[in-house]
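Participant: Need a 3D model of the following:
(one chain, ligands or ions: 1)
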Amino acid sequence: SSIKRVLAVDLGASSGRVMLASFDGFRLELREAHRFDNVPIEEQGGLYWDVEGLLKEIKKGISIAAAEVVSEGRLVDRTEGDTGLQSKTAEKQNLLGIGVDTWGVDYGWIGQGGELLRKAHHYRDTRMNKHATALERLIPRSEQFQRTGNQPDIINTVYQWFADLQETPELRERASGILMMPDLFHYELSGVKASERTIWSTSGLLTAGGNEADTAILEKLDITSELIAPIVPAGTVLGELRPDLQAELRCGPMQVIAGASHDTASAVAAVPYRDSAFTRPQKDQPSKQGESKKADIPSSADSPREYDEPAFDWNGSAESAAFISCGTWSIAGIETPRPVLTQAAFERGFTNEACYGGGNRLLKNITGLWLLQECRRHWNAAGGHFSHADLVSLAESAGPADSRIDPNDPRFAAPGDMPERVRQYCRDTGQPVPGSPGEIARLVLESLADAYGQAIDELEIVSGRAIAAVHLVGGGSRNALLCRLTAERIGRVVVAGPVEASAAGSALIQLAALGELDFTQRAEIIERSFTLQRFEPHARTN
Ligand code: LRH
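Facilitator: Residues are numbered from 1 along each chain as shown. A predicted model of the protein is given here:
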């Protein structure tokens, strides 16, 4: 068979999926093999990952997908009427790879025997509140930004580590390693410990645009760099799925591949940029582990800082397309050749994270559909029966909202009674207070569109680059009202889709790493494979 198959495991805020991706050389097809809940464990006021439970579900997903693939092979044989070919075809239809992606910043402390030393915290845990000021005294915010390119944020790994070490200093002695969450799952699947670069680029610990942890920051935390496994580029083949798992899951050999294991980096890899406004640098080519060479990007640790508009060579083109990766979070950004470490970028709340292929994502993290997800959870717990789509259509009929919230206000970060927090925000700011679920949903969506508009305008200022259009990808691209409001607010064409951007990006990167796909063709492949919708920036009345 010429169909190549890989598994993209995408762990999102409320659910995880094992997606079976099939590529026939022309089109990519994604099918959900297994979906499961990803609900953080709440225990004595703490919020944690259910690593064991998730691992069980990932394994279940592998065996379901493997069985599906084999039975598909049989089906082909039966129609051909040649039972002799049965086992051969089934073998050829094997899964080639598997990669896990999830949100940034979270990690697990690993003990001497490779076990989790303690439950891995979820970033919405509030333990960092007590320690953030002390960390910022130790490593001032502007220094954090200058060293790592990351916008200081209480959820960043560096804040979480600091809080952990303040509360449990003996972790320094007891730990043999620290793995970011996708690295932890890849380790469980392959037995190989590695630190994938895109997920580490969310930590607040990596040198800006570089390939290693910032030594000054590690020193200030009093942590040895030996705790961090070698950093590898996105698209690194780590090794084969452990033989015992192959036997247990009856799935045959497949490669465990660290794709862009940061979900947003993966989603951005699936953005079908068409204007070829900017050809990304291809210097940090993904390679097999061990062969990974250092990216040819000057490490900001030893190069002069840029305080003015960055003087990038944009290959002669005048404009870029921006992306908004819209799910629980909304991430608005553009790709730049190198991190932008200017004062303007810092002050306006931008962060720099790594791309697959070696470029940089200059972006702003905006609290996204989380607000609506939490509202829905609250209303349904109180007896409502709202689907997400119900809320969108209620928002549609509610008409324009009179008030706005700042989605990034800290009061909205932790789980809780979100409708009341939205109302309280309006009271506190002297605005009309929304009542019905439709009014609240409309207010949230319009506030998001406003935040996107502001981020896109600021991106132009900070990057010195005109933004011609915006690709809105991820689950939010299904929300036609949000796409329309966004197009109107930002005054540019919005191209919506793919919905399953993280899984699609993971599949593209894995297949490219295996030599089965030419990544420079990704826009064409995405356009052939998924429905994309265009929203024009004309204002409407309702
Ligand atoms: C989106 C995301 C985002 C941030 C946040 C913690 O899921 O990965 O890019 O890193 O989660």
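
Participant: How many residues are close by the closest residue to the ligand within the stretch 351-500 of the chain?
Facilitator: In the stretch 351-500 of the chain, no residue comes nearer to the ligand than Asn365, which is 5.4 Å away by CB to the nearest ligand atom. For glycine as for every other residue, the C-beta is placed from the backbone atoms N, C-alpha and C. Taking other CB atoms under 10 Å as the neighbour definition, Asn365 ends up with a count of 23.

Participant: Surely it forms part of a helix?
Facilitator: No - under DSSP: H, G, I helix; E, B strand; the rest coil, Asn365 sits outside any helix and is assigned strand.

Participant: Which SSE is immediately downstream of the helix or strand of the chain with the lowest mean pLDDT?
Facilitator: The weakest-scoring helix or strand in the chain, judged by mean pLDDT, DSSP states H and E, is helix 86-92 (a mean of 48). Remark: after helix 86-92, the chain's next helix or strand is strand 95-102, criterion DSSP states H and E.

Participant: Show the contacting residues for the residue of the stretch 101-250 of the chain found nearest the ligand.
Facilitator: Using CB to the nearest ligand atom, the point where the stretch 101-250 of the chain gets nearest to the ligand is Gly104, with a distance of 2.7 Å. Residues in contact with Gly104, defined by CB atoms under 8 Å, 6 or more residues apart in numbering, are Ile199, Thr202, Ser203, His262, Asp263, Thr264, Glu353.

Participant: cutoff 7 Å now
Facilitator: Ile199, Thr202, His262 (CB atoms under 7 Å, 6 or more residues apart in numbering).

Participant: Near the ligand, which residues of the chain? Just list them.
Facilitator: Contact residues, the chain versus the ligand (CB under 6 Å from any ligand atom): 103-105, 123, 155, 202, 262-264, 328-329, 331, 365.

Participant: So which of those residues are in strands?
Facilitator: Secondary structure defined by DSSP state E assigns Trp329, Ile331, Asn365 of the residues of the chain next to the ligand to strands.

Participant: The second one touches Leu362, doesn't it?
Facilitator: No - applying CB atoms under 7 Å as the test, Ile331 and Leu362 come out as separate, 10.9 Å apart.

Participant: where does the stretch 51-200 of the chain have low pLDDT?
Facilitator: Within the stretch 51-200 of the chain, the set of residues satisfying pLDDT under 70 comprises 74-93.

Participant: so Asn150 sits in a helix?
Facilitator: No - the assignment for Asn150 by three-state DSSP gives coil, which leaves it out of any helix.

Participant: tally of neighbours for the closest residue to Ala513 other than its chain neighbours?
Facilitator: Distance criterion CB to CB, 6 or more residues apart in numbering; nearest residue to Ala513, sequence neighbours excluded, is Gly235 at 4.4 Å. Burial of Gly235 is recorded as 30 neighbouring residues (other CB under 10 Å).

Participant: Show the contacting residues for Gly235.
Facilitator: Taking CB under 7 Å, 6+ apart as the definition of contact, the neighbours of Gly235 are Gly259, Pro286, Tyr356, Ile509, Ala512, Ala513.

Participant: With that, I have no additional questions.
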